[in-house]
Each structure stands twice: as C-alpha cells, then as structure tokens.
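Student: Any chance you could fold what I've pasted below:
(chains A, B, C and D)
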There are 2 protein chains.
Amino acid sequence: MTHHYDLLERLRAQGHRLTPQRDMILLAVHDAGGHASAEEIHQQVLLQNPNVDLSTTYRTLELLTEMGIVYRTDMGDGTSRYELAEEEMHHHLVCRRCGRVMDLSHDVLEPLQERLRADYGFAADFTHMVFQGLCEGCHGESTGEP
Amino acid sequence: MTHHYDLLERLRAQGHRLTPQRDMILLAVHDAGGHASAEEIHQQVLLQNPNVDLSTTYRTLELLTEMGIVYRTDMGDGTSRYELAEEEMHHHLVCRRCGRVMDLSHDVLEPLQERLRADYGFAADFTHMVFQGLCEGCHGESTGEP
DNA sequence: TTTCGTGCAAACCTTTTGCAGAGTG
DNA sequence: CACTCTGCAAAAGGTTTGCACGAAA
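Tutor: Residues are numbered from 1 along each chain as shown, chains lettered A, B, ... in the order given. Reported below is the predicted structural model:
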C-alpha cells in the first residue's frame, strides 16, 4: 500500500500546500479503514489536534476526492462515506436489518457492467457500489418483512 | 394502471383520512411519471392550491411510502425521488455528465441478484436501483474524464 | 512576501417536528 | 363530536461559504 507521505507529495506536485491538517485528515481516512463519515474522520483528527475545524475536514475531503485520492460513497443514510481510493476496488453489501457491511469483490459486477455497455451504451461507474438487502443471518430468521 | 381513486381508498381502508391534500399529492406523483423530488411534487401541488405546505407534502409522501403506494429512491444528489410503486419494477441509469436518466428493466439485474444470493447469502433489495455513469452520447464525446 | 489554507461564525438545503386550529369520518 | 391532518414556524442534521488572520512556499 502506498504510504500516505507519497499521497501528500501528490498534493504538493499539483500546487497544493502540505499542511499538518491535511496530513492528519488523510491519515485518519487511512486509519478508519473504509466507509467512514466526515464526522468520524473529524473526531479522529480532534484526538491529535482539538483545534481543527470541521469545515477544514470537509474542504480537505473534497480536495482529496477531486484528486482521486479518496472515494466518496453515498451509503443512503444521508451522510457521505470516505475511503482511500488506492485500495482494491470493491463494493458493499449493507444489511438493512442488522447493519452489517460486507465487501463484495468487483468481478461479481463485471457481467452486469458489460451488459449495460452492450445493451444500453452506458458506461457505469462501478466504483464502490452499495447494495441494500438482508444478509444470510437476517434473511433466514426473517418471517417476512421487518 | 390502477386509478388513483383506488389508491386513495386504500388510505381510508387503513384508517387514514382522505383529504384533498393527499389527493393532490398522490396525483402529482402520478403525473410526474417517475423520479420526482419532494420539491417538484410540491410545486405541482401548489398550482392547484397555493396554501398546501411543504411539510404536508413530506408527511404525505412518507405515509404513501410506508403504505407501499410510492417508492422512495436516493438518486445520490442529496434529495429523495418518488414514484408510484405500481409501475413495473425498473431501475435507473443516470448520466453524470448530462444528467439524462434512462430506465433499466429488472431482468438485467436478475443474474447479479442470483449470484449475490448464491455466493454471499445476501438477498439484495433490487427495487429501483440507481447506477451512475456516462450515457452513450457523453461516453463517445468524452476525451477522458470531465 | 505572496498566496493559499485555516478557524470561526453564519448560511444553506433538505427534511423533521411542536403546536393550535381546521376538517374528516 | 372525536380525533386526525394541516399550516405555520422553528429546529435539526449534514454540508458549504465569507471573511480576516496565520502559515507554506
């Protein structure tokens, strides 16, 4: 995995400044290990420096997203989630009953992606899709709908 | 297609009251013909009665959603979209460049649904999925990324 | 030294809620 | 007549923005 110093260098290479806040925020995204909200990332940053403002976290996440360093995903709960883009492409299965989040490897989506291209001429952005549903445990126990 | 009076009857049958506001709002959802925002539905209602409050529109859409009369979909732009549930199950392809929305028939997703069930034990809620990407026109013209 | 980035405070946008009065059954 | 729904106004929650000061290059 690329070390976060390398990622910070990319900031400078593109004419952005390398500030301690950006360092901390990027590290927090990395440490969160996937699908962390802006608020969660900010809380992590506050442990190191209680003066960092939430708006700085938002602005930095925006910058990192534009640069392709992090991915932003809409989990459907009204908040955006962030994770490092460098991790292997994968998707999420979210259980609507227990909230469990499973990772789904990308090759499961390739046939669909191919068909959308062939039949609809549509190039789907299959980066970090989220599928809602019921996981194995909750599906079996279910009497029907919750 | 079921007439909206029948749907209004379902309200009364379940102990809810049949008000002119609910009538107008349900009709507006029907007339919008799919993926309309609460604000758009409300604007349509205002043409008939400028006194209807936006909160009434929200409360009614919530009620209709709970009753399964309309579906709520998160289009990923920070707003929810509503459409009549009685229409044939379908999904949406949203072009991130030109904003065009195409409908996708459900059978295209069935193989994926089956594989998620077989390989992950996950029963995906494939009701009104939204896929972002580039449509045929925008894909061809694109020099790369926007 | 010249920008760019930050903290602070306030605004924004969609959606939700408390309440008293109006309208339905 | 009883109780639900509505309009109004205000709040909530996540995110964005204007501004003057502070810090990178």
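Student: Neighbours of the residue of chain A found nearest DNA strand D, how many?
Tutor: Nearest residue of chain A to DNA strand D: A:S55, at 3.2 Å (Cβ to the nearest atom of the strand). In short, each C-beta sits where N, CA and C put it, glycine included. For A:S55, the tally of surrounding residues (other Cβ atoms under 10 Å in any protein chain shown) stands at 9.
Student: buried residues in stretch A:79-90?
Tutor: For stretch A:79-90, the buried set under the neighbour-count rule, 16 or more other Cβ atoms under 10 Å in any protein chain shown, comprises A:S80, A:R81, A:Y82, A:E83, A:L84, A:A85, A:H90.
Student: Grab the two from these that are most spread out in space.
Tutor: A:S80 and A:H90 (17.6 Å; Cβ to Cβ).
Student: Of the buried residues of stretch A:79-90, which ones also sit close to DNA strand D?
Tutor: With Cβ under 7 Å from any atom of the strand as the criterion, these include A:S80 near DNA strand D.
Student: Low-confidence bits of chain A, can you list those?
Tutor: A:1-2, A:140-146 (pLDDT under 70).
Student: can you give me the helices in it?
Tutor: Ranges of helices in chain A, per DSSP state H, are A:4-13, A:20-32, A:38-48, A:54-66, A:110-120, A:136-141.
Student: Can you tell me which residues in chain A are near chain B?
Tutor: Residues of chain A lying close to chain B by Cβ under 8 Å from any Cβ of the partner chain are A:74, A:76, A:93, A:95-96, A:102, A:104, A:108-109, A:111-112, A:115-116, A:119-126, A:129, A:131-136, A:139.
Student: If any of these are buried, give me the PyMOL selection for them.
Tutor: Buried subset of the residues of chain A next to chain B, written as a PyMOL selection, criterion 16+ other Cβ under 10 Å:
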select buried, chain A and resi 74+93+95+102+104+108+109+112+115+116+120+121+122+123+124+126+129+131+132+133+134+135
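Student: Among the residues of chain A next to chain B, which ones are in strands?
Tutor: Among these, the members found in strands (DSSP state E) are A:D74, A:L93, A:C95, A:M102, A:L104, A:A123, A:A124, A:F131, A:Q132, A:G133, A:L134.
Student: Contact residues of chain A facing DNA strand C?
Tutor: Along chain A, the residues adjacent to DNA strand C under the rule Cβ under 7 Å from any atom of the strand are A:16-17, A:19, A:21-22, A:49, A:51-53, A:55-56, A:59-60.
Student: ranking those by neighbours, who comes first?
Tutor: A:T60 (27 neighbours).
Student: Contact residues of chain A facing DNA strand D?
Tutor: Proximity of chain A to DNA strand D (Cβ under 7 Å from any atom of the strand) is limited to residues A:12, A:17-20, A:37-39, A:54-55, A:58-59, A:62, A:78-80.
Student: what's the farthest-apart pair in these?
Tutor: A:R12 and A:G78 (34.3 Å).
Student: For A:R97, which non-adjacent residue is spatially closest?
Tutor: Of all residues not flanking A:R97 in the chain, A:C138 sits nearest, at 3.9 Å (Cβ to Cβ, 6 or more residues apart in numbering or on different chains).
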